[in-house]
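*Asks:* below: sequence and its predicted model.
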Amino acid sequence: MKHYQIDKVSTKNWLNEQETSQITTLIASSFKGVDSQAYFQHYFNNPVFYQRCVRLFYQQDQLVGYCLLTFRKNTDNSIVIGASAAFLASYRGNNNTFAFSFLWALKTWLSHINHKVYYLDTMLSPAMYRAMGKKVAFIYPNPAMTENEIQLYQALVPDAEPSQWQNLACLKTVGRSTNYSDDEVQSLKASSKAEIAFYCQLNPNFSQGSALLVLIPVNLKQIVCTGWKWLKSLVRGN
C-alpha cells in the first residue's frame, strides 16, 4: 500500500476543504468526548497562533494520522510551540511525530534566537509521553526532577492542577481522551515500561479526560543533546 505525507503551513499552503473534512473525521474517531468541529477551530484556525503547521499521514488516499504544531508569542519574549496529534489505532506508536516536531522546533529556535522557546504539549496518552521521552534529552515532568527544575516547570504551567505524585501541579482537565479500549487502558496502566509507568503515576485518570502538561525546553543544550541521542539510536537501530 502506498504511504505518503503532506506538510501544510498556515502562512503558505493551508488546508483545503477536503483535508479539513478528513481531519475532523479523524478527530471524531480518535478522541472520546470531543466536538470535532470545535476542536478543529480551536487548534487549526485559532488566530492566537501566529503560525500553524501540520503533517498529514496517508495510506492510499485515506488520512490515517496528523501532527499539528501551533506557535504563539508571549509577552515575556517567549514562544510556545503547542502540539496536537491523532492517528487511527493501527498507526499509533510508530514515533511518527518526533522528526517533524524536532525539526520545526530547531527551525523556530534558529529564527528567533533572542526568544526563549518551549514545546508544551497537553498529552492524553502515556504512549505519546514515552515516544517523546525516549527521544529528547530533557523533558518535564520526569522522575529525577530537582527542586530547581520543579520550580521552573511550575512557573511555566501556572494553571496546572495537582497530581498525586509529590503534589506536582502538572495536570489539565480537558474533558476528552484518546479513544482507547478498556483493554488498552488496563494494559497501559499495567505496563512496566518506565516512561508509561511514570505517566500513569502522574496521571492515572488519562482515560477520563485528564491530560499531562509536558514541557520540553528548546535551547542549545537540548538540541545538541537530543541530536546526539537521536543519532545514537539510529546507529543502534532503535
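*Replies:* Received the coordinates, thanks. Numbers count the residues shown, from 1 in each chain.

*Asks:* could you say which helix or strand holds the nearest residue to N203 once chain neighbours are set aside?
*Replies:* With CB to CB, 6 or more residues apart in numbering as the measure, L212 is the residue that lies nearest to N203, at 4.6 Å, once sequence neighbours are left out. In short, each C-beta sits where N, CA and C put it, glycine included. Per DSSP states H and E, L212 falls inside strand 210-218.

*Asks:* ok, then the element right after that strand?
*Replies:* helix 220-236.

*Asks:* in terms of secondary structure, what does that following helix contact?
*Replies:* Contact here means 3 or more CB pairs under 8 Å, 6 or more residues apart in numbering; DSSP states H and E; on that basis helix 220-236 packs against helix 98-111, helix 126-135.

*Asks:* report all helices and strands that the first one contacts.
*Replies:* Pointing back at helix 98-111 there. strand 62-73, strand 78-87, strand 116-123, helix 126-135, strand 210-218, helix 220-236.

*Asks:* closest to Q154 out of those?
*Replies:* Each of these was scored for nearness to Q154 using CB to CB, and the closest is strand 210-218 (10.1 Å).

*Asks:* angle of the closest one against helix 126-135?
*Replies:* Strand 210-218 runs at 20 degrees relative to helix 126-135, counting by axes from the mean of the first three to the mean of the last three CA atoms, to 10 degrees.

*Asks:* for strand 210-218, what is the average pLDDT?
*Replies:* Mean pLDDT, strand 210-218: 96.

*Asks:* ok, back up a step: just tell me which of the helices and strands packed on helix 220-236 ends up closest to P217.
*Replies:* Closest among the helices and strands packed on helix 220-236, using CB to CB: helix 98-111, at 9.8 Å.

*Asks:* for that closest one, buried residues please.
*Replies:* Under the neighbour-count criterion of 16 or more other CB atoms under 10 Å, helix 98-111 has F98, F100, S101, F102, W104, A105, L106, T108, W109 buried.
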